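*Asks:* The sequence isn't on hand, but the structure is:
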């Protein structure tokens, strides 16, 4: 067992870690919203609201973990010998009695916040994938059922948290010694159950995009990058398992282990969930920095292309094309689809198809024109959509937009007259 000096040193180190991770998380979510607002305007989607709630919940969880260590000295109603419990019962006014009761209560709050954060992030992914899978029926069904599975598993975790110890206030009982299920810092049933539900739902969520990306026809390097981005849940699961093992093996001698690993897992989940929006912004910044350092003012398309997860026909441009400019990376935002277009010299645009057998329909193509440049656009379906890039918030013409659209970071798309009138045009090549 660690000495008091070692425990204090560990507590101080953890406090620094908590606020360091919190600062990084704020930076990441700030970049995420910056990418969202500059690319798609300030209109909030459901995933934006869920991420805001997740940020508030993560902050509250960090504060709870800080209180456990800084104020309650990492004490709870576990890790006490029968003799110590007897001594505390005889002296209920002692500082340790109050520290252990308040520590146990804060553990209960922290565990509920921990579960709430993880499942808010899962809800974020469900909203995100429901848009990403438009037109891919098999993946759409998986995402649809996920909208039921995620809240059901969250409610089941809450039921375990509230019903594992009855009456509820026994979770901060000191004497007589409560059962393990009433020791929130080391409760076996809640630790194992939450880990199991978290792992199962993470596997389920990864089963939505990964098969689509695997079947898509695109360069292997790009496919690998996208698959790694959508496989971040493996890392989160590893932290969840480490948390459970740490609590079950060391929790009785160091009650703060629950807070330590809950905060770490929450941080990893929070950052990974924001990566699809942050990565293109960072990648484009690095590419432009490298290009500037080499004195190249026209970086061209390079790797900054998106990839469609269903096929569409190649179209030839009917007009001359302006000079090439960097479109930036694909951002999966308001109408997210992973879309691919390759630009060929002398005004021709060819589709780097990524066909999927589960695709419901082929999107109609319309000629779209950009400020200062042109790019390929694909619009399909019958629903009205607002597409805004580079900060613009609406279409200049009242054209019918749909479920499939190329999403890029840099420029504003507007529909040509012939597109607005409903006449299919051609892709304007770049």
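*Replies:* In hand now; what should we look at? All values derive from a computational prediction rather than experimental measurement.

*Asks:* list the contacts for residue 21?
*Replies:* With contact set as CB atoms under 8 Å, 6 or more residues apart in numbering, residue 21 has these partners: 62, 263-264, 267. For the C-beta atoms, the positions are set from N, CA and C on the backbone; glycine is no exception.

*Asks:* do the same with residue 266
*Replies:* By CB under 8 Å, 6+ apart, the contact list for residue 266 reads 58, 61, 114, 117-118.

*Asks:* sorry, back to before: can you flag which of the contacts of residue 21 belong to helices?
*Replies:* 62, 263-264, 267 (DSSP state H).

*Asks:* any weak-confidence spans in the stretch 1-150 of the chain?
*Replies:* Within the stretch 1-150 of the chain, the ranges that satisfy pLDDT under 70 run 1-2, 4.

*Asks:* go on, the stretch 201-350 of the chain?
*Replies:* Applying pLDDT under 70 to the stretch 201-350 of the chain flags the ranges 255, 295-350.

*Asks:* Tell me where it has helices.
*Replies:* 209-215, 220-230, 233-250, 257-293 (DSSP state H, counting those that start in this stretch).

*Asks:* Any chance of JSON lines for those helices, columns distance to residue 45?
*Replies:* Output for the helices of the stretch 201-350 of the chain, formatted as JSON lines (distance: least, CB to CB, whole Å):
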{"stretch": "helix 209-215", "distance to residue 45": "18"}
{"stretch": "helix 220-230", "distance to residue 45": "19"}
{"stretch": "helix 233-250", "distance to residue 45": "22"}
{"stretch": "helix 257-293", "distance to residue 45": "11"}
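
*Asks:* Please tell me I have it right and residue 194 contacts residue 112.
*Replies:* No: Residue 194 lies out of contact with residue 112 (CB atoms under 8 Å); the separation is 10.6 Å.

*Asks:* Just want to know which of these two has more residues nearby.
*Replies:* The residue with more neighbours, out of residue 194 and residue 112, is residue 194; 25 against 19, by other CB atoms under 10 Å.

*Asks:* quick one: buried residues of the helix or strand harbouring residue 87?
*Replies:* Residue 87 belongs to helix 82-90 when assigned by DSSP states H and E. Within helix 82-90, the residues scored as buried using 16 or more other CB atoms under 10 Å are 85, 88.

*Asks:* and the angle from the helix or strand following it to helix 220-230?
*Replies:* Going down the chain from helix 82-90, the next helix or strand is helix 95-132, by DSSP H and E. Following axes from the mean of the first three to the mean of the last three CA atoms, to 10 degrees, one obtains 140 degrees for the angle between helix 95-132 and helix 220-230.

*Asks:* now the contacts of residue 21 as TSV including distance to residue 42 and neighbour count?
*Replies:* Putting the contacts of residue 21 into TSV (distance: CB to CB, whole Å; neighbours: other CB atoms under 10 Å) gives the following:
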residue	distance to residue 42	neighbour count
62	28	22
263	31	24
264	33	20
267	27	24
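
*Asks:* thinking again about what came up before, can you say which of the helices of the stretch 201-350 of the chain is nearest to residue 124?
*Replies:* Residue 124 lies closest to helix 257-293 among these, at 5.9 Å (CB to CB).

*Asks:* how does the protein divide into domains?
*Replies:* Domain ranges of the chain: 4-283, 299-430, per automatic domain parsing.

*Asks:* how many neighbours does residue 131 have?
*Replies:* Other residues close to residue 131 by other CB under 10 Å number 18.

*Asks:* Let the chain start at 105 from now.
*Replies:* All set: I'll call the first residue 105, so the last point we hit is now residue 235.

*Asks:* before we move on, back to that, residue 210 is nearest to which of the helices of the stretch 305-454 of the chain?
*Replies:* helix 361-397 (8.5 Å).

*Asks:* tilt between that closest one and helix 337-354?
*Replies:* Using the same axes, to 10 degrees: helix 361-397 against helix 337-354 is 150 degrees.

*Asks:* ok, and for helix 361-397, which residues are buried?
*Replies:* For helix 361-397, burial by neighbour count (16+ other CB under 10 Å) applies to 361-385, 387-388, 391, 395.

*Asks:* And stretch 301-317, by the same measure?
*Replies:* In terms of neighbour count (16+ other CB under 10 Å), stretch 301-317 has its buried residues at 301-303, 305-306, 308-310, 312-313, 315-317.

*Asks:* Kindly report the same for stretch 322-334.
*Replies:* Result for stretch 322-334 [16+ other CB under 10 Å]: buried residues 322, 326-327, 330-331, 334.

*Asks:* what sits against the residue nearest to residue 258 when sequence neighbours are not counted?
*Replies:* Leaving out its chain neighbours, the residue that sits closest to residue 258 by CB to CB, 6 or more residues apart in numbering is residue 223, at 4.0 Å. Contacts for residue 223 were tallied using CB under 8 Å, 6+ apart; they are 254-255, 257-258, 261.

*Asks:* sorry, back to before: in TSV: the contacts of residue 370, plus neighbour count.
*Replies:* TSV is the format used below for those (neighbours: other CB atoms under 10 Å):
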residue	neighbour count
162	26
165	27
218	27
221	25
222	27
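
*Asks:* For those residues, give me TSV that also has distance to residue 146.
*Replies:* Supplementary listing: those in TSV, determined by distance: CB to CB, whole Å:
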residue	distance to residue 146
162	23
165	28
218	31
221	25
222	28
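
*Asks:* Nearest to residue 189 among the residues you listed?
*Replies:* residue 218 (27.4 Å).

*Asks:* Do I have it right that that closest one meets residue 366?
*Replies:* Yes: with contacts counted by CB under 8 Å, residue 218 reaches residue 366, the gap being 4.4 Å.

*Asks:* Sounds good, over and out.
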